[in-house]
Structure formats: structure tokens, C-alpha cells
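Peer 1: What shape does this take:
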Amino acid sequence: MFSGETNYPNNVNASFFLCSELFYDRGNHHEFTSLVRDLARPGEMTQSATFDFEFVNVEKPYETYTGANVRLRYFLRVSIIRRISDISKELDLAVHTLASFPEMNNSIKMEVGIEDCLHIEFEYNKSKYHLKDVIVGKIYFLLVRIKIKHMELAIIKRETTGTGPNTYNENETIAKYEIMDGAPVRGESIPIRLFLAGYELTPTFKDVNKKFSVRYFLNLVLVDEEERRYFKQQEVILWRKGDLKKKPGILTEKLRHSREESKPEDAEE
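Peer 2: Have a look, this model is predicted:
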């Protein structure tokens, strides 16, 4: 709704946008989607006016995202196009992408170490986790010939922007906690249980329109008594799980009821 002084617009329209904005490249927005609906023809506007509009079946392939160096946003813009200067208002929209991953979700199992000094095997129960999932795993010590002081596990978020020689990586430690305190012995196993619901995480973004990516890694770190650090990173995929089950539609309900009503009654003996 517009009100106020008399306007002589050439056009009034509503636009829907999906764009990415690199914070170090301000003013240069990259639009993925742009839809426009004309709301009024050229003419004089002397009083308040209300315009109805809708954008039907708009593709929203990505979540809204705000990171260290990039923002992905959906927004509506309503504009009065005038000869001298335009008037416009914007409204940002929050979008979540709900997914269900395929049944294939293999566990992660790797062996790492230092020759003749340290040999460990670590295992995580999955390679893909939803944002409220629990990471379950184990660390097995197969060979220990250095004095380990403690061991910690961290979730690292890596935001990558740009391409080629202009690629920039921003690493952020989302969570870190100690999973072992003291020296382990050969044959010992350390359990891992990390609840993701308590942390601010996003789904994994892979090469969004060749502008940016967001990836997550589990970083296993061992620290010896001389403060030397040994670490191994493993990427995991994060996704957002839908909370509500899909309800059957009206047509599905009618078909189910019609089948129940058409069942023959048991014949009397």
C-alpha cells in the first residue's frame, strides 16, 4: 500500500529476487532468480492504493545464509517507477530447505599415525548428519610410543568464496571439546558422542552458482606433553531434516475411505 503525496508513476511493480552478496565486493550483487509482476499502469496516484500480487511455484533451491564474507538472500521489492527518482521498499524472506538423504549413508573409518610412534584408527557412524543429529564414533589406539596429554574433537566450518587465484577460505571453529585427558595405552578405545543440536550450524552448501561454498569438517587433535599437535580432518555433510511428516492430501483420504467402505462384509456361515 502506498500513500502520501501525489505521484505520477510510469509503473508500479513487485519483484522477487535470489542473489548472493560478497561483503568485500559491495555493490556487485549476483542475481540467480529475478521475477517481476506489474501492479499498476502509468498514471496519477492521489490517494492510498493497495495491490495484490503473488509469485507461484518459485524455485528456492538454497537456504538463506549469512556468513563471514558472503550473504545469500531472498527478498521482495516493490517499486514506484518515476521520471525523477524511483521509490522502493524491500522485505527479506527466510528460506529453509528441508531434505531427506538417500539410504546410502556410509560410516567413516580411517587409520592415521606417525611411523613407529603413533597409530590410531577412528570411526564415525555416518558421513551425513542432519542438524539435530548425534555424531557417534570411536578412537582406537593401535600403537602408542609418544606421551599423549589429551585429545579433542572440533567442528570446523569452512566458507570458501571466489574462484581460481581469487579464492578465499574462512575457517571458524563452531565447537570444541575434550574427549580424552591423560595418556592412552595400546588397545584402548575412546568413545565419541557429539550432539549437534546445541550449535549454530547450516546445511552444507556446494559451489552455489560458482560463487561460494560452505563445508564442515570434524577435526581430531592429539596434543603431547611437549605441546606438539597431531590432527586429522574429515569432511561430513550436514543437511536440514523436516520436523513434520507429510500429511495425506484430500484426494488420498477420499480414496482410502472409499476402499474401506467397499470392502465386502464377512459372509455368514
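
Peer 1: Settle this for me: Arg215 is touching Glu170, isn't it.
Peer 2: No - assessed by C-beta atoms under 8 Å, Arg215 is found out of contact with Glu170, at 11.3 Å. Backbone N, C-alpha and C define where each C-beta goes, glycine included.

Peer 1: what's the overlap in contacts for the two?
Peer 2: 158, 160 (C-beta atoms under 8 Å, 6 or more residues apart in numbering).

Peer 1: more crowded one of those two?
Peer 2: Legend: neighbour count by other C-beta atoms under 10 Å for Arg215 and Glu170, higher for Arg215 (17 against 14).

Peer 1: quick check, that one in a helix?
Peer 2: No - if the criterion is DSSP: H, G, I helix; E, B strand; the rest coil, then Arg215 is strand and not within a helix.

Peer 1: pLDDT value on the closest residue to Asn11 other than its chain neighbours, please?
Peer 2: Leaving aside its sequence neighbours, Asn11 sits nearest to Ile81 (C-beta to C-beta, 6 or more residues apart in numbering; 4.2 Å). pLDDT recorded at Ile81 is 84.

Peer 1: how close does Ile81 get to Ser34?
Peer 2: 16 Å (C-beta to C-beta, to the nearest Å).

Peer 1: what about those two, which has more around it?
Peer 2: Using other C-beta under 10 Å, the more surrounded residue of Ile81 and Ser34 is Ile81, with 16 against 11.

Peer 1: Backbone torsions only: list them for the more buried one.
Peer 2: phi -90, psi 120 (degrees, to the nearest 10).

Peer 1: Surely it touches Ser15?
Peer 2: No - taking C-beta under 8 Å as the definition, Ile81 is not a contact partner of Ser15, at 11.2 Å.
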